[in-house]
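1. Starting from these lines, generate the structure:
(one chain, ligands or ions: 2)
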Amino acid sequence: MTPIRHLLTLSDLEVEELKAIFHEAIELKKAYKNGVREKLLDGKVLGMIFEKMSLRTRVSFEAGINHLGGSAMLLEDRHVGIGTREAIKDVARVLSSMVDCIVFRAKSHKVVQEFASWSSVPVINALTDKAHPCQALADMLTIYEEFGSFDDVKIAWVGDSNNVSASLVEAAAMFGVHIALSSPVGYHFTKEEIQELTRLRQPGFELSLHENPADAVRGARVVYTDVWVSMGEEAEEKERLEKFAPFQVNAALMKHARKDAIFMHCLPARRGLEVTDEVIDSPQSRIVEEAENRMHAQKGLLLWLLRN
Ligand code: CP
Ligand code: NVA
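-> Numbering: from 1, shown residues only. Ligands and ions are numbered 1, 2, ... in the order given. Have a look, this model is predicted:
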């Protein structure tokens with residue numbers, strides 16, 4: 001029997017598999033924009049467990065599977081109690097006996113790994129403390145649409161080394177793109193983490209680290225940031241807001257990027273902290289396109305996982 005494929009991090013896929021999903025997403029988006037709604041996943045059911053808040057992830061999965069003829073059910077963890085009301089393995093075995101695929105947003109990456117090891121259907125990481133693979137997949141789609149290719153694209157990440165940037169580094173490695181990271185001292189990825197995230201690096205991939213955000217942004221065509229305090233880090237808020245203040249993406253910082261540069265943010269954003277209104281509302285901002293692409297990218301992923 002072929003083992004069940006999960007998507008807990010992007011490098012659970014081979015590079016060619018990632019590219020196949022990516023190109024499928026492009027085709028699905030085109031079809032959707034032309035009013036085509038083929039029932040490619042007719043009758044398939046998605047179970048979605050959320051231990052944390054969500055707008056984009058939940059809606060993009062639910063709308064996406066509905067467009068493809070399937071359906072989704074939301075399971076808020078307060079109604080399930082994974083690991084509290086019930087053992088992780090019992091939830092995984094029972095839920096996977098009734099649905100075709102499980103989307104899981106969890107506080108702990110380890111919990112999703114354990115859950116997936118007991119699931120008899122594919123499990124998709126919908127964000128953990130370590131990774132946000134669906135976000136990175138959609139972000140690469142947004143960048144590709146903007147510039148028509150990844151050649152001559154440099155991505156500047158300014159801010160925290162977190163779940164979103166980890167998956168973006170992984171995506172840049174697998175698509176062979178230059179990424180420059182700038183984070184405050186004490187908030188960098190470790191050498192081991194970089195090694196792991198870039199395991200599947202392809203020609204064209206380059207990673208540079210910068211103390212000064214302007215150095216990361218210089219010559220970039222994508223300037224990307226995320227919140228300074230992720231969900232679950234609220235106790236560190238005061239310290240983080242102080243340390244990250246010099247890493248705000250504002251108009252002065254954007255001036256160092258190329259003229260055709262775009263601004264990206266996975267959202268939700270804390271306006272006035274990691275990004276100013278001036279930048280996030282500017283013509284360079286692609287936040288809405290980026291959010292919409294979550295749906296197209298995940299449709300490609302669902303088709304690939306459920307066809308396998
Ligand atoms: N970007 C993202 O994952 O958004 P939500 O937290 O709203 O799902
Ligand atoms: N880094 C953020 C991303 C939210 C989509 C968080 O984990 O809260």
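2. which residue sits closest to the residue in the stretch 1-150 of the chain that ligand 2 sits nearest to, ignoring its sequence neighbours?
-> Using CB to the nearest ligand atom, residue 127 is the residue of the stretch 1-150 of the chain that sits closest to ligand 2, at 5.7 Å. For glycine as for every other residue, the C-beta is placed from the backbone atoms N, C-alpha and C. Spatial nearest neighbour of residue 127, chain neighbours left out: residue 105 (4.9 Å); criterion: CB to CB, 6 or more residues apart in numbering.
3. Residue 45 versus residue 72, what's the distance?
-> Distance, residue 72 to residue 45, by CB to CB, to the nearest Å: 7 Å.
4. Those two - which one has more neighbours?
-> residue 72 (20 against 16; other CB atoms under 10 Å).
5. Where does that one sit: helix, strand or coil?
-> Reducing the assignment at residue 72 to three states with DSSP: H, G, I helix; E, B strand; the rest coil gives strand.
6. isn't it right up against residue 59?
-> No - Residue 72 is beyond contact range of residue 59, at 10.0 Å (criterion: CB atoms under 8 Å).
7. Mind listing the residues bridging to the residue nearest to residue 127?
-> residue 50 (DSSP bridges).
8. give the contact list for the residue of the stretch 1-150 of the chain closest to ligand 2.
-> Shown in contact with residue 127 (CB atoms under 8 Å, 6 or more residues apart in numbering): 52, 54, 57, 105, 106, 134, 135, 163.
9. ok, 10 Å please
-> Listed by CB atoms under 10 Å, 6 or more residues apart in numbering, the contact set of residue 127 reads 50-52, 54, 56-57, 103-107, 109, 112, 133-135, 163-164, 167, 230-231, 266.
10. Select only the buried ones of the residues you listed in PyMOL?
-> Buried residues among the contacts of residue 127 (16 or more other CB atoms under 10 Å), as a PyMOL selection:
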select buried, resi 50+51+52+54+56+57+103+104+105+106+107+109+112+133+134+135+163+164+167+230+231+266
